[in-house]
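Participant: What follows is a protein structure lacking sequence information:
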């Protein structure tokens with residue numbers, strides 16, 4: 001219960017951060033439909049799809065104002081992302097083969113709708129620009145020339161008449177070849193590159209870059225890694241408890257033990273520019289000691305003790321979310337399952353009887369065999385300072401690490417610091 005109270009106290013301490021830090025305003029600007037640029041702050045979300053609206057304020061203390069694609073012509077989060085408003089055609093045919101195979105209709109799905117949307121700028125060139133639009137159906141790429149409305153680069157996956165074989169209509173290649181022939185007609189190498197290009201951002205961007213004389217995009221996007229490594233040390237305050245309802249074990253007491261913990265890990269940033277949602281993979285090495293004592297009275301008073309040492313290697317995949325997310329500091333919570341491989345040593349069970357004035361000590365075999373492999377749940381919270389130092393508190397709720405009866409139960413409260421390499 002002490003572990004529970006300590007960890008809950010830590011959670012309540014950071015509740016104000018949770019309620020306060022839902023927005024993530026970054027320096028940026030908007031461009032009105034009349035062409036006026038207004039600089040300020042844009043609320044940069046962890047957008048899975050292109051946003052349908054944004055929130056903007058001119059100063060940190062100004063009220064937030066929402067803008068839809070029809071309200072502005074452009075917005076930017078400086079160094080991160082840039083979006084252009086455009087009224088475009090949006091194809092509705094999916095590209096997921098599994099969903100296609102479940103359809104009773106075969107042939108090309110040529111349905112589309114027209115809407116005013118925010119297109120993400122991938123490359124803004126003087127001759128041709130590349131954009132993307134992603135929704136729940138799929139991601140689409142658009143090619144634009146100057147102020148002309150961008151056209152979707154057509155890529156359609158469909159089924160043949162039997163409804164079993166997948167076919168592809170790669171019209172986007174002919175569209176790119178037309179652009180290349182307009183601006184660089186003598187470049188046969190580029191035409192071959194287009195023919196081999198996949199419908200992927202990296203492939204199409206390389207082509208659009210070559211079409212433009214200036215190889216640099218109009219809008220500078222800072223390069224950020226989508227992964228980072230870390231290593232750290234800490235203290236594992238673990239407790240291995242002996243569970244039994246037998247009257248033989250009365251007035252039971254178990255003590256926790258502080259032992260070192262070493263951890264290394266890999267973080268995968270879901271959105272490398274925002275860095276709020278992270279998939280964390282951690283491998284750690286830790287030690288713990290079980291120290292259990294009990295007393296009772298049968299024909300004569302007795303005291304007993306049970307002891308064992310544990311060395312464990314643990315793999316813990318986690319979902320980490322930064323509730324407070326600034327360049328100077330971040331506050332996060334994390335949760336995930338733990339997979340453990342453990343070795344045990346110094347397994348001792350002693351019993352001491354008092355018979356009159358005589359004290360008799362005996363030592364017997366360990367009553368229960370702990371599991372080499374076991375699973376647990378890890379709950380953690382922490383603060384990242386200056387993008388480099390991750391100070392954390394972790395908790396492992398009671399986990400049974402043996403089979404049969406009596407049982408061994410493991411709990412842990414951890415504190416430590418990680419150093420982040422190449423951090424966001």
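Facilitator: That came through fine. The shown structure was predicted, so the numbers you read here are calculated from the model rather than taken from an experiment.
Participant: Might you list the low-confidence residue ranges for the stretch 151-300 of the chain?
Facilitator: Within the stretch 151-300 of the chain, the stretches with pLDDT under 70 are 214-223, 244-253, 255, 297-298.
Participant: cutoff 90 now
Facilitator: 156-169, 183-188, 209-226, 238-258, 270-276, 288-300 (pLDDT under 90).
Participant: Which residue ranges of it form helices?
Facilitator: 171-183, 188-196, 201-211 (DSSP state H, counting those that start in this stretch).
Participant: roughly how far is the longest one from the heart of the chain?
Facilitator: Okay, so that is helix 171-183. Centroid separation for helix 171-183 versus its chain: 38 Å, with Cα atoms, centre = their mean, to the nearest Å.
Participant: same question, the second one
Facilitator: Relative to the centre of its chain, helix 188-196 is centred 37 Å away, using Cα atoms, centre = their mean.
Participant: Just the buried positions in the strand ranked longest in the chain, please.
Facilitator: Once the chain is assigned using DSSP state E, the strand that runs over the most residues is strand 329-355. Neighbour counts over strand 329-355 (16 or more other Cβ atoms under 10 Å) mark 330-334, 336, 338, 340, 342, 344, 347, 349, 353 as buried. C-beta: built from backbone N, CA, C; applies to glycine.
Participant: What of stretch 311-328?
Facilitator: Those would be 312, 314, 316, 318, 320-325, for stretch 311-328 by 16+ other Cβ under 10 Å.
Participant: so who does residue 55 touch?
Facilitator: By Cβ atoms under 8 Å, 6 or more residues apart in numbering, residue 55 lies in contact with 23, 42-43, 64-67.
Participant: And these, which two are furthest apart?
Facilitator: In the contacts of residue 55, two members sit farther apart than any others by Cβ to Cβ. They are 23 and 67, at 15.3 Å.
Participant: Who has more neighbours out of those two?
Facilitator: Counting neighbours by other Cβ atoms under 10 Å for residue 23 and for residue 67 shows that residue 67 has the greater number, 18 against 13.
Participant: Look up how far residue 76 lies from the more buried one.
Facilitator: 13 Å (Cβ to Cβ, to the nearest Å).
Participant: same question, residue 392
Facilitator: 34 Å.
Participant: what number of residues lie near residue 57?
Facilitator: 16.
Participant: Next: residue 33.
Facilitator: By the criterion of other Cβ under 10 Å, residue 33 has 11 neighbours.
Participant: what's the burial count for the residue lying closest to it once chain neighbours are set aside?
Facilitator: Distances taken as Cβ to Cβ, 6 or more residues apart in numbering put residue 73 closest to residue 33, at 5.3 Å, once the chain neighbours are dropped. Number of residues near residue 73 (other Cβ under 10 Å) recorded here: 17.
Participant: these two touch, right, residue 73 and residue 87?
Facilitator: No. Residue 73 is beyond contact range of residue 87, at 11.2 Å (criterion: Cβ atoms under 8 Å).
Participant: mind putting the helices of the stretch 151-300 of the chain in JSON lines, mean neighbour count and distance to residue 55 included?
Facilitator: As requested, those are exported to JSON lines (neighbours: other Cβ atoms under 10 Å; distance: least, Cβ to Cβ, whole Å):
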{"stretch": "helix 171-183", "mean neighbour count": "16", "distance to residue 55": "34"}
{"stretch": "helix 188-196", "mean neighbour count": "14", "distance to residue 55": "39"}
{"stretch": "helix 201-211", "mean neighbour count": "18", "distance to residue 55": "26"}
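Participant: what would those look like in CSV with distance to residue 115?
Facilitator: What follows is the helices of the stretch 151-300 of the chain, written out as CSV (distance: least, Cβ to Cβ, whole Å):
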stretch, distance to residue 115
helix 171-183, 20
helix 188-196, 28
helix 201-211, 22
